[in-house]
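Participant: Provide a 3D model corresponding to the input given below.
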Amino acid sequence: MSSSFRLTILGCITALAISAQEMHSVGNIFQPQATPAESVYHLSLLVLAVCAAIFIVVAGLLTYTLIRFRRRCGDHKEPAQVYGSDRIEIAWTVIPILIVFVLTMATARIVSATLDKPISPDALKVTVVGHQWWWEVRYPALNIVTANEVHVPVSTTAKPAVTFLNLQSADVAHSFWIPQLAGKTDLIPGHPNKMWIDPKQQGTFLGNCAEYCGTQHANMQLRVVVQSQAEFAKWTASQQQSANANAGIKNGRTEFLSLSCVNCHTVSGTGAAGTFGPDLSHLMSRDTLASGVVPNSAENLRAWLKDPDAIKPGSLMPNMQLTPEQLDEVVTYLSSLK
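Facilitator: Residues are numbered from 1 along each chain as shown. Take a look at the predicted model:
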């Protein structure tokens, strides 16, 4: 085996391993955990079954033709020439039309059932706004604003819980996709879309923006945290508290409010009321920073504030050129916002 061939095989294996890891990291449509995702899953099985049947028929006919009509030793005659067959032409026209019709009707049924579900009065309503390159998450009825994480209650047989998502974009086209919970839905500027989920299992479900939206499109990650009814109520209560009550670091708070950070970010209970960037009121209650790029820790927060472009190249957050002393105070203050 040549070295170039071995390198090619190794490269293919590595690519498959990376693809498998990426699929596991963002969720698997073949492991649905909500009703919309189950609908997509069953439709996918139908499409795959039809495609597999077509492949088997075509590959079988090709194999049969290659074996049955191959040239044999001593065979010098020209084979019979067939210039047309009405039955074959009708078959290869009618059968594809029927297949397309079946797939179209099945898809239309799933889309209609997903989009036309009525909003029940007791349903949780969440507004998700796509930005370059992060997600703004609002709970209008609960007066909660967070970023990059959507917390929802689990739906059980005893107590069904449906969450309706109002999807908007603040700049360019984005796409909201949590593979294990629902099919992807685009966020179009000036044209709000909607979707719903009813997660049936607790846990954290990962997703991403599924529509190219600029430099950091691949790092516009999203997390849906499904909690028990009691845990969700506890999370709601903590998020409704004023951030000022959690912050006892006076020097760091003063330093933060003196910077231009307040023009882009909000910290409830303080003079910081910017809306261009994520709300920082309960920053440390989130699992990640920079929309899923790095885990949320004081060390990573310091690196992020020191040079955002080193963590997320092309990020719209500017380098504030903070001195080490300023950096220490701001990190200490923001680390207290839980």
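Participant: Just list what the longest helix seen in the chain packs against, helices and strands only.
Facilitator: Determined from DSSP state H, the single longest helix within the chain is helix 35-68. Packing contacts for helix 35-68, counted by 3 or more C-beta pairs under 8 Å, 6 or more residues apart in numbering; DSSP states H and E, involve helix 86-115, strand 193-197. For the C-beta atoms, the positions are set from N, CA and C on the backbone; glycine is no exception.
Participant: Quickly run through the sheet partners of the last one, with directions.
Facilitator: Translated: strand 193-197. strand 163-169 (antiparallel) (DSSP bridges).
Participant: for the strand it pairs with, what is the average pLDDT?
Facilitator: Throughout strand 163-169, pLDDT has a mean value of 95.
Participant: Which secondary structure state does the residue of the chain most remote from its centre sit in?
Facilitator: Farthest-out residue of the chain from its mean C-alpha position, per C-alpha atoms, centre = their mean: G74, at 62.7 Å. At G74, secondary structure determined by DSSP: H, G, I helix; E, B strand; the rest coil is coil.
Participant: Now do the strands in the stretch 201-338 of the chain.
Facilitator: Here the stretch 201-338 of the chain has its strands, by DSSP state E, counting those that start in this stretch, at 203-209, 221-227, 288-289, 294-295.
Participant: Can you add mean neighbour count and distance to C264 and give the ones you listed back as CSV?
Facilitator: CSV is the format used below for those (neighbours: other C-beta atoms under 10 Å; distance: least, C-beta to C-beta, whole Å):
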stretch, mean neighbour count, distance to C264
strand 203-209, 20, 21
strand 221-227, 22, 20
strand 288-289, 20, 15
strand 294-295, 14, 20
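Participant: show me the contacts for the residue farthest from the centre of the chain.
Facilitator: Residues near G74 by C-beta atoms under 8 Å, 6 or more residues apart in numbering: none.
Participant: how about it, phi and psi?
Facilitator: phi 80, psi 0 (degrees, to the nearest 10).
Participant: just for the chain, where's the confidence low?
Facilitator: 1-26, 244-248 (pLDDT under 70).
Participant: Off-centre distance for stretch 256-272?
Facilitator: 29 Å (C-alpha atoms, centre = their mean, to the nearest Å).
Participant: Any buried residues in it, and which?
Facilitator: For stretch 256-272, a neighbour-count test (16 or more other C-beta atoms under 10 Å) marks F256, C261, V262, C264, H265, T266, V267, S268, T270, A272 as buried.
Participant: same thing with stretch 30-49?
Facilitator: Under the neighbour-count criterion of 16+ other C-beta under 10 Å, stretch 30-49 has P32, Q33, A34, T35, P36, A37, E38, S39, V40, Y41, L43 buried.
Participant: Output the residues you listed as a markdown table; include the columns distance to W133.
Facilitator: Below are the buried residues of stretch 30-49 laid out as a markdown table (distance: C-beta to C-beta, whole Å):
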| residue | distance to W133 |
| --- | --- |
| P32 | 27 |
| Q33 | 26 |
| A34 | 25 |
| T35 | 30 |
| P36 | 25 |
| A37 | 25 |
| E38 | 30 |
| S39 | 29 |
| V40 | 25 |
| Y41 | 29 |
| L43 | 30 |
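Participant: Take the buried residues of stretch 256-272 and keep only those in helices.
Facilitator: Reading helices off the buried residues of stretch 256-272 with DSSP H, I get F256.
Participant: Tell me the one of the buried residues of stretch 256-272 nearest M195?
Facilitator: When those are ranked by distance to M195 (C-beta to C-beta), T266 comes first, at 26.3 Å.
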